[in-house]
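> Take this sequence and fold it.
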Amino acid sequence: MRTYWLKFTLKSDATFGRGDGVAGVVDSEVQHDRYGLPYLSGRTLKGLLGEECAGILFALEQQGKAKPWYEAAQRLFGSPGSGAAEQSLMHVGDARIPKELYQAVERGIARGELTREQVLHSLTAIRRQTVMNVETGAPQQETLRSMRVILRETPFEAELSFWVEPPSDDLALLAACIKAWRRAGTGRNRGRGELVARLYDAQGKDITDCYFAHFKEVVQQEISQ
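Reported below is the predicted structural model:
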């Protein structure tokens with residue numbers, strides 16, 4: 001098995017929602033584990049990268065140059081439809097805070113120096129919003145909602161595992177998807193969840209630009225033919 005890492009840092013507050021709230025506290029809660037540490041599930045992360053891949057393939061298709069990349073996309077993300085995740089060669093783990101910080105929090109809670117609530121509150125904040133009446137400029141009744149957000153500059157990392165050594169074209173397409181991926185979470189179309197992501201090998205070397213250069217080179221060769 002070959003391992004790579006996707007690392008990203010939030011550039012604006014984000015909500016990796018879990019689909020519910022906490023009565024009397026927040027209407028929309030973030031995904032967090034038993035230590036109070038927020039995370040983005042691997043399934044959601046893979047879906048977001050898959051969306052970027054679909055956009056890239058669509059753009060290449062307009063130039064009649066997508067066909068060579070379809071097999072790479074299938075190996076990375078699987079075929080559309082049920083069981084796609086099982087068909088792909090790439091397994092995407094949950095995106096969590098860096099290992100060293102995670103272990104420090106784990107030790108702190110085990111020793112009673114930290115609580116789950118303290119950890120959650122240190123990495124998140126609650127934002128409130130309401131709908132305004134366009135005629136009066138006043139808030140509309142019963143529209144106040146609260147959402148927990150993960151604070152900007154919070155780093156995350158996710159393990160990308162391949163059952164076999166991925167071809168260069170697969171890593172090239174993956175690098176293009178990662179560079180294209182700019183937002184995640186609830187409200188990402190309204191300014192939340194902006195991020196910067198990079199691809200690293202097992203030794204911690206940033207290989208994003210190297211493989212993205214390969215992607216551009218192959219695309220340019222196809223266009224010139």
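
> mind showing which ranges of the chain have poor pLDDT?
Low-confidence segments of the chain (pLDDT under 70): 18-26, 80-86, 128-144, 189, 223-225.

> Please, where are all the helices along it?
In the chain, the segments counted as helices under DSSP state H are 42-61, 67-77, 84-87, 99-110, 116-123, 168-180, 208-224.

> which other helices and strands contact the second one?
The contact analysis (3 or more CB pairs under 8 Å, 6 or more residues apart in numbering; DSSP states H and E) places helix 67-77 against helix 42-61, strand 90-92, helix 168-180. Quick note: C-beta positions are derived from backbone N, CA and C, even for glycine.

> Pick the most buried one from the helices of the chain.
helix 168-180 (a mean of 22; mean count of other CB atoms under 10 Å).

> list the helices and strands it packs on?
helix 42-61, helix 67-77, strand 195-200, helix 208-224.

> Out of the ones you listed, which is closest to residue 10?
Taking CB to CB, strand 195-200 is the member of the helices and strands packed on helix 168-180 nearest to residue 10, at 5.3 Å.

> Give the buried residues for the closest one.
Across strand 195-200, burial judged by 16 or more other CB atoms under 10 Å covers 195, 197-200.

> I'd like the C-alpha coordinates of that strand written as CSV, please.
Once non-C-alpha atoms are left out, strand 195-200 reads as follows in CSV (Å, rounded to 0.1, in the frame of the first residue of the first chain):
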residue,chain,number,x,y,z
LEU,A,195,-9.0,26.9,2.1
VAL,A,196,-5.6,26.2,0.6
ALA,A,197,-4.7,22.5,0.0
ARG,A,198,-1.5,20.7,-1.0
LEU,A,199,-0.4,17.1,-1.7
TYR,A,200,2.5,15.5,0.1
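
> so it versus helix 168-180, what angle?
160 degrees (axes from the mean of the first three to the mean of the last three CA atoms, to 10 degrees).

> got the contact list for strand 195-200?
Strand 195-200 is contacted from outside by 4-11, 14, 160, 171, 174-175, 178-179, 181-184, 206-208, 211, using CB atoms under 8 Å, 6 or more residues apart in numbering.

> of the buried residues of strand 195-200, closest to residue 188?
residue 195 (9.3 Å).

> Neighbours of the closest residue to the closest one other than its chain neighbours, how many?
Among residues not flanking residue 195 along the chain, residue 8 sits closest, at 4.7 Å (CB to CB, 6 or more residues apart in numbering). For residue 8, the count of nearby residues is 21 (other CB atoms under 10 Å).

> Bridge partners for residue 8, pull those for me.
Beta bridges link residue 8 to residue 156, residue 197, judged by DSSP bridges.

> For it, give its distance to residue 152.
Using CB to CB, to the nearest Å, we find residue 8 at a distance of 12 Å from residue 152.

> And residue 160, by the same measure?
On the measure of CB to CB, residue 160 and residue 152 end up 24 Å apart.
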